[in-house]
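Visitor: Sequence first, predicted model second:
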Amino acid sequence: MAIYGKKEARPAPAGTKGLVHWLKENLFSDITSSILTIISLYVLYLVLPPLLNWLIFDATWSGTKEQITGDGARWIFIYEKFNQFIYGFYPEDQYWRPNLILVLFFVSIFTFKKMPTMLKFAVIALFPIVSFFLIYGGLGLEVIPTTKWGGLLLTIVVASVGIVASFPIGILFALGRQSKMPIIRTISIMYIEFIRGVPLITLLFMSSVILPLFFPEGMDFDKLLRALIGITLFQAAYIAEVVRGGLQAIPKGQYEAADSMALSYWQSMGLIILPQALKISIPNIVGAFISLFKDTTLVLIIGLFDLLAMVTLTTTDANWLGFETEGYVFITFVYWVICFSMSKYAKSIEDKFNTNHR
């Protein structure tokens, strides 16, 4: 029985819902869309069947190399070399250490929202330290030199350190570029423009070959550490420009409001301006991080064997010659999964902090 003064909810018209309506609105809304949809479906018809046959239906999933008979992908190569793709030359009996880091990472991600504020800061501060001692060793654990790190393990280490270390440095340079102090502003501009004007491969060569020349005689920096310094300095310049764009998007009234509350420069930036600027910049920040993750493949040129380099290394095995295609397809899938996950997680953060009223 309807309540007086209120109308009962009526169902949507039959023509405005369902699969047919969705197809009409999204794929066949007009003549141009219909033609493009038909052409796209025809291209998929030509491409997908042979691709699926090679990837799945005609592929060899198990057995030995001698048992390969089909024309599809030979995934037994990935199965045989899987540990090398993931861990590089890391000792097999110590695989539990990077695996434990991965477990702790996902546990932290899924429980982070429910943690008390102090525990959140503790996790952020301690997780990198714990991860370092687990993967490198010390404090009772066997020391594994960085020369034995490789594969996806090395890729994640390089990308993670580059992302975490470059973010605060980039913010400082973004603030420095907008500073009213000429010296700080000039130094920030020169740094950002110089780094953005040279390719990452140049900085990697400089950090690997030239940087050690500035150290005292007898002091030898680890090759991986030198690469991390170069990648961090490179990424910081791009993060600085992304954050600067967010700062410029903040209305002038926000700065005036902070001044009216008699807040100091760092208080106004930390409590009012930066949170808004970073929220605006989330898509671009994540885009920069994804680019950095893919750029980690360049460490091959200084002798570090990341995930991409493992394809070349594993296919030089006399018993597994000619399997490059399967290796490249495998790492393409791995890179896509990781980059897509980063993008989706960033989108969830963006939606969470979205305060726009629509």
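Guide: All right, it came through fine.
Visitor: Any idea how many residues pack against residue 62?
Guide: 8 (other C-beta atoms under 10 Å). C-betas here are computed from N, CA, C, even on glycine.
Visitor: Show me where the stretch 151-300 of the chain has its helices.
Guide: With helices called from DSSP state H, counting those that start in this stretch, the stretch 151-300 of the chain shows them at 151-177, 182-196, 200-205, 223-248, 252-260, 265-268, 274-295.
Visitor: got those as CSV, with mean pLDDT columns?
Guide: Below are the helices of the stretch 151-300 of the chain laid out as CSV (pLDDT from 0 to 100):
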stretch, mean pLDDT
helix 151-177, 92
helix 182-196, 92
helix 200-205, 87
helix 223-248, 90
helix 252-260, 81
helix 265-268, 84
helix 274-295, 88
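Visitor: Among the ones you listed, which comes closest to residue 96?
Guide: Comparison of the helices of the stretch 151-300 of the chain against residue 96 by C-beta to C-beta identifies helix 151-177 as nearest, at 12.9 Å.
Visitor: got the angle between that closest one and helix 274-295?
Guide: 140 degrees (axes from the mean of the first three to the mean of the last three C-alpha atoms, to 10 degrees).
Visitor: could you check the angle helix 223-248 makes with helix 151-177?
Guide: Using the same axes, to 10 degrees: helix 151-177 against helix 223-248 is 40 degrees.
Visitor: Report all helices and strands that helix 151-177 contacts.
Guide: helix 76-87, helix 117-136, helix 182-196, helix 223-248, helix 274-295, helix 307-314 (3 or more C-beta pairs under 8 Å, 6 or more residues apart in numbering; DSSP states H and E).
Visitor: closest to residue 37 out of the helices of the stretch 151-300 of the chain?
Guide: Relative to residue 37, the nearest member of these by C-beta to C-beta is helix 274-295, separated by 28.4 Å.
Visitor: Tell me which other helices or strands the closest one touches.
Guide: So helix 274-295, by 3+ C-beta pairs under 8 Å, 6+ apart, packs with helix 151-177, helix 223-248, helix 324-352.
Visitor: Counting neighbours, which bits of that helix end up buried?
Guide: When burial is assessed from 16 or more other C-beta atoms under 10 Å, helix 274-295 yields the following buried residues: 274, 276-278, 280-282, 284-290, 292-293, 295.
Visitor: what's in contact with it?
Guide: If you take C-beta atoms under 8 Å, 6 or more residues apart in numbering as the criterion, helix 274-295 is touched by 155, 159, 162-163, 166-167, 171, 200, 231, 235, 238-239, 242-243, 245-247, 249-250, 254, 335, 338-339, 342-343, 346, 349-350, 353, 355.
Visitor: Please repeat the previous calculation with a cut-off of 6 Å.
Guide: Helix 274-295 has contacts (C-beta atoms under 6 Å, 6 or more residues apart in numbering) with 159, 162-163, 200, 235, 238-239, 242-243, 246-247, 249-250, 339, 342, 346, 350, 353.
Visitor: Export that helix to CSV, keeping only CA atoms.
Guide: The C-alpha trace of helix 274-295 is given here as CSV (Å, rounded to 0.1, in the frame of the first residue of the first chain):
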residue,chain,number,x,y,z
LEU,A,274,50.1,19.4,-0.5
PRO,A,275,47.3,17.0,0.3
GLN,A,276,45.1,18.7,-2.3
ALA,A,277,47.9,18.9,-4.9
LEU,A,278,48.8,15.2,-4.4
LYS,A,279,45.1,14.2,-4.7
ILE,A,280,44.9,16.1,-8.0
SER,A,281,48.1,14.5,-9.3
ILE,A,282,47.4,10.9,-8.5
PRO,A,283,46.8,9.8,-12.1
ASN,A,284,50.0,11.5,-13.3
ILE,A,285,52.0,10.2,-10.4
VAL,A,286,50.9,6.6,-11.0
GLY,A,287,51.7,7.1,-14.7
ALA,A,288,55.2,8.1,-13.8
PHE,A,289,55.6,5.1,-11.5
ILE,A,290,54.4,2.7,-14.2
SER,A,291,56.9,4.2,-16.7
LEU,A,292,59.6,3.8,-14.1
PHE,A,293,58.7,0.1,-13.6
LYS,A,294,59.0,-0.5,-17.4
ASP,A,295,62.2,1.5,-17.6
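Visitor: can you offset everything so residue one is 43?
Guide: Got it, first residue is 43 now, which makes that one helix 316-337.
Visitor: Could you check the angle it makes with helix 294-302?
Guide: Angle of helix 316-337 versus helix 294-302, following the same axes, to 10 degrees, is 120 degrees.
Visitor: gap between the nearest residue to residue 103 once chain neighbours are set aside and residue 96?
Guide: Among residues not flanking residue 103 along the chain, residue 117 sits closest, at 5.4 Å (C-beta to C-beta, 6 or more residues apart in numbering). To residue 96, residue 117 is 11 Å away according to C-beta to C-beta, to the nearest Å.
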